[in-house]
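**Student:** After the sequence you'll find the predicted model.
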Amino acid sequence: MVPLRLFVNRLSLRPLGTTDPSGRWVRWVHVSELADPSPFLRGGELLLLAGTGFRPGESREYVRRLTEAGVVALGFGVTPVFDAVPPELVAACDELGMALLEVPPQVPFASIVELHHGELVRAETRDLKHLSDGQAVLIRAAAGAGPLKAVVERLAELLDGWVLVVDRNRGRTWSVGPVRRDAEVARALDRACESRAPTSAALSTAGEHIEIQRLLGPAPAGYAMAVARRRPFTVADRGVVGVAASALSLLFTAPSATGSPEALGAAVVSGLLRLPTLAHVLADPLDLPEDVPWRVVRGVLGEPPGSRETIIQRLSALLGTPFVDQDGDAFTAIVPAAGDDEAGGGSVDDLRRLLDEAGFLAGISRPHPAADLDPAWGEAGSALDGARIQGRAVVAGAELHGVMALLDPGQASRHADRLLAALDSAPSKDSGLLLGTLRSWLAHHGNWDRTAVDLGVHRNTVRHRIRQITRLLGLDLTDPDVRMELWFALRWRSRAR
């Protein structure tokens with residue numbers, strides 16, 4: 001936006017009345033001779049008119065409509081219609097607080113529009129240079145020694161304000177400048193730290209403008225940044241803040257901050273050998289006690305979204321652990337489960353929700369000691385089979401209800417495996433499709449159209465798959481007893497493992 005005072009100084013426009021044009025900013029310059037131009041205004045305009053058709057007796061109603069539309073100032077061109085600005089208009093502007101400028105005959109309206117446009121272009125150029133220079137400064141800081149502290153310091157310098165960055169998971173803070181630590185800022189930081197979705201907030205007082213953003217880190221939540229300055233934030237300023245937020249998030253999730261590929265390799269090897277040292281290898285990077293239990297998460301990505309490094313970084317931030325590996329469209333992770341809510345990773349329900357919202361099919365094991373993760377690997381694999389059937393993340397050992405709670409788990413599992421063996425033995429890609437199709441078809445009581453919509457395929461594709469399933473199983477799917485048995489097997493497999 002352009003300060004209204006600039007038009008006064010550059011083009012010798014004369015302020016009239018008692019309303020001071022200082023401190024007013026013009027978003028746009030608009031010319032209109034309509035008796036009521038408010039339907040065509042968005043607010044923040046300097047409205048120019050030459051008085052064609054203007055009725056001085058209606059000045060108050062005219063100015064009232066402009067004020068309600070958000071017009072910041074009125075420019076009245078004298079001659080040839082009026083030799084002077086009507087006094088009724090001056091009085092109405094004084095009464096309603098509208099800034100009024102007299103545009104002399106030698107100043108065409110086009111020159112006012114051109115001045116505004118030129119200032120916007122110059123401001124945009126300055127902003128782009130500020131953003132470009134700031135980005136370069138922050139990247140150099142992130143690549144140097146002590147990068148977290150350096151990025152915070154450079155950001156404070158670029159914005160001429162104060163910066164506070166918090167890591168609630170490890171009790172760390174970085175700050176530069178006279179940080180405001182009152183209850184309002186604390187509440188906003190708490191909300192940003194607790195959020196697991198992109199979160200930002202803007203606070204303002206008489207002397208400061210504050211921007212607060214959630215940051216990403218190795219845990220799903222617990223990271224935030226507050227930035228403050230005396231002047232309002234421009235688009236370029238917010239761009240610089242965004243670059244700093246990205247740099248800090250990458251530094252938090254980088255292997256150097258939370259672990260290393262070597263640590264993950266050691267964890268895998270130690271897990272296979274069941275060495276007690278695995279407890280230290282897993283717990284140390286996250287500052288957790290060595291007796292913390294762990295869950296194994298095994299999942300599929302669908303179409304891998306980017307490079308292996310990008311995928312691992314995303315999963316690490318999502319799951320709150322540096323212990324992530326990816327191979328093709330499959331991934332494995334080891335996540336802390338201290339009370340399911342004390343390790344910065346939230347409850348297992350939160351973990352399941354995060355995976356579902358991110359679009360990852362996954363199986364989650366029960367909690368296990370670090371030195372005995374072999375069972376967790378198998379549990380996560382079985383739960384992943386269930387996830388493929390249900391179309392959502394599944395937790396091994398989820399609480400059972402109804403008839404399923406009365407069954408012997410071993411016998412029920414063997415029965416389900418025998419019943420579905422023919423589908424399990426199909427090629428891996430076909431097996432998942434057929435099991436998922438069977439579950440959806442049974443859930444929709446054999447309705448072809450609803451099953452097709454659920455699976456996102458044509459109804460003839462559903463018919464073809466059901467015929468293939470019937471042939472492989474050798475069962476009559478029109479028999480309600482058969483359908484009941486298959487539904488039980490699919491539900492048991494997805495919920496009990």
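**Tutor:** Now that the structure is in, tell me what you want to look at. Note that the structure is a prediction, hence the values are computed from the model and not measured.

**Student:** So which residues of the stretch 301-450 of the chain form helices?
**Tutor:** 308-319, 348-358, 374-390, 409-424, 428-443, 448-455 (DSSP state H, counting those that start in this stretch).

**Student:** ugh, wrong one, the stretch 151-300 of the chain
**Tutor:** 183-194, 235-253, 255-258, 261-273, 278-283.

**Student:** about what we covered before: format the helices of the stretch 301-450 of the chain as CSV; extra columns: distance to residue 94.
**Tutor:** Placement of C-beta: from N, CA and C, glycine included. Output for the helices of the stretch 301-450 of the chain, formatted as CSV (distance: least, Cβ to Cβ, whole Å):
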stretch, distance to residue 94
helix 308-319, 57
helix 348-358, 56
helix 374-390, 70
helix 409-424, 83
helix 428-443, 71
helix 448-455, 65
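
**Student:** out of those, nearest to residue 97?
**Tutor:** helix 348-358 (48.2 Å; Cβ to Cβ).

**Student:** in the closest one, what counts as buried?
**Tutor:** Buried residues in helix 348-358, counted by 16 or more other Cβ atoms under 10 Å: 348, 350, 351, 352, 354, 355, 358.

**Student:** Closest one to residue 133 out of those, please.
**Tutor:** The closest of those, once distances to residue 133 are taken by Cβ to Cβ, is residue 358, at 35.1 Å.

**Student:** Now do the same contact list for the closest one.
**Tutor:** Residues near residue 358 by Cβ atoms under 8 Å, 6 or more residues apart in numbering: residue 318.

**Student:** Which elements pack onto the strand or helix carrying residue 29?
**Tutor:** Using DSSP states H and E, residue 29 falls within strand 28-31. Packing contacts for strand 28-31, counted by 3 or more Cβ pairs under 8 Å, 6 or more residues apart in numbering; DSSP states H and E, involve strand 45-49, helix 109-143.

**Student:** please redo it, this time with the cut-off set to 10 Å
**Tutor:** strand 45-49, strand 73-77, helix 109-143 (3 or more Cβ pairs under 10 Å, 6 or more residues apart in numbering; DSSP states H and E).

**Student:** That one pairs with which strands, and in what direction?
**Tutor:** Applying DSSP bridges, strand 28-31 is found paired with strand 45-49 (parallel).

**Student:** What angle do strand 45-49 and whichever helix or strand comes after the strand it pairs with make with each other?
**Tutor:** Counting by DSSP H and E, the next helix or strand C-terminal to strand 45-49 is helix 59-69. If you take axes from the mean of the first three to the mean of the last three Cα atoms, to 10 degrees, helix 59-69 sits at 150 degrees to strand 45-49.

**Student:** Pick the most buried one from the helices and strands packed on strand 28-31.
**Tutor:** Among these, the stretch with the highest mean neighbour count (mean count of other Cβ atoms under 10 Å) is strand 73-77, at a mean of 24.

**Student:** quick one: buried residues of stretch 3-17?
**Tutor:** Quick answer for stretch 3-17 (16+ other Cβ under 10 Å): 4, 5, 6, 7, 8, 11, 13, 15, 16, 17.

**Student:** Can you list the low-confidence ranges for the stretch 151-300 of the chain?
**Tutor:** Within the stretch 151-300 of the chain, the stretches with pLDDT under 70 are 170, 206, 218, 253-287.
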